[in-house]
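Novice: Structure, please.
(one chain, ligands or ions: 1)
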Amino acid sequence: MWNERYGTSEYVYGTEPNTFLVAHAKDLAGPVLSLAEGEGRNGVYLATLGLEVHGVDGSSVGLAKAQDLARARGVSIRTEVADLGSFVPEEDHYGSVISIWAHLPGALRARLYPHVVRSLRPGGVLLLEAYTEAQLARDTGGPKDLDMLMSEDKIRRELPGLEPILLRELEREVDEGPHHAGIGSVVQFIGRRIE
Ligand SMILES: C[S@@+](CC[C@H](N)C(=O)[O-])C[C@H]1O[C@@H](n2cnc3c(N)ncnc32)[C@H](O)[C@@H]1O
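Specialist: Residues are numbered from 1 along each chain as shown. Okay, the predicted model is just below:
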């Protein structure tokens, strides 16, 4: 389904980075693991700031566009086609992990998230933005599946190895391509790996 969605010359989520990421990019250290990197807009942005980026996604089509975008911006990023349902990141390696609109089933998150926490160096941070369960009532983006939508409560329960630096639910205007357009109910999280 994702290869099909990305199978157009347009960048479906745009080429500009997610605005929550931009607002907090100064707090990120490399190397950065980008979960569900898609067409590269976030990883490429971080690479332009001088950070080393490893973007992982299940869509080969999306990641090929990510490499095109990196070339166009004169930076390089490492991309890896992998299913996050079985992906195991290197331990104690990343300064930061980002997860932007990486909506995944609860059972997949239960396997992946402990690996994500362990992939951070002590003191490293996870930055995440996702639509919340309240988004089900809206038509402005995100999956129509409660299990794949997030909340403050799910983040606290599923990522106990991270100390929240910022954790909030809010409504905000999202302008990130036709699938993510309009007022959205989102949760934003920055958590630091407990040493
Ligand atoms: C809504 S897009 C977000 C893309 C990117 N993070 C962005 O903000 O532009 C969700 C992405 O999750 C990826 N994805 C969904 N399930 C996945 C899985 N099980 N393994 C790897 N990637 C997955 C899709 O291929 C898609 O690129």
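
Novice: which residues touch the helix or strand of the chain with the lowest mean pLDDT?
Specialist: Of all the helices and strands that make up the chain, the one with the lowest confidence by mean pLDDT, DSSP states H and E is helix 2-6; it has a mean of 91. Residues from elsewhere that reach helix 2-6, judged by C-beta atoms under 8 Å, 6 or more residues apart in numbering: 12, 38-39, 57-62, 65. (Each C-beta comes from the backbone N, C-alpha and C, glycine too.)

Novice: list the buried ones in that helix?
Specialist: Across helix 2-6, burial judged by 16 or more other C-beta atoms under 10 Å covers 2, 6.

Novice: May I have the residues that are in contact with residue 99?
Specialist: If you count contacts by C-beta under 8 Å, 6+ apart, residue 99 has them with 35-36, 116, 126-130.

Novice: and with 7 Å instead?
Specialist: With contact set as C-beta atoms under 7 Å, 6 or more residues apart in numbering, residue 99 has these partners: 35-36, 126, 128.

Novice: Next, it: phi, psi?
Specialist: Listed backbone geometry of residue 99 is phi -140, psi 100, with angles given as degrees, to the nearest 10.

Novice: I'd like the distance between it and residue 32.
Specialist: For residue 99, the distance to residue 32 (C-beta to C-beta, to the nearest Å) stands at 11 Å.

Novice: For the helix or strand harbouring residue 182, which strands pair with it and how are they oriented?
Specialist: When secondary structure is defined by DSSP states H and E, residue 182 falls within strand 181-193. Each strand pairing with strand 181-193, determined using DSSP bridges, is listed with its direction: strand 120-131 (antiparallel), strand 162-175 (antiparallel).

Novice: Residues contacting whichever helix or strand comes after the first one from elsewhere in the structure, which ones?
Specialist: I take that to be strand 120-131. Downstream of strand 120-131, the first helix or strand assigned by DSSP H and E is helix 152-158. Outside of helix 152-158, the residues that reach it under the criterion C-beta under 7 Å, 6+ apart are 109, 113, 167, 169, 187, 189.

Novice: and residue 169, what are its bridge partners?
Specialist: Assessed by DSSP bridges, residue 169 has beta-bridge partners residue 187.

Novice: How many residues are close by it?
Specialist: Using other C-beta atoms under 10 Å, residue 169 has 17 other residues around it.

Novice: Relative to the ligand, how far out is it?
Specialist: Residue 169 sits 19 Å away from the ligand when distances are taken as C-beta to the nearest ligand atom, to the nearest Å.

Novice: which residues touch that residue?
Specialist: When the contact criterion is C-beta under 7 Å, 6+ apart, the partners of residue 169 are 132, 151-152, 187.
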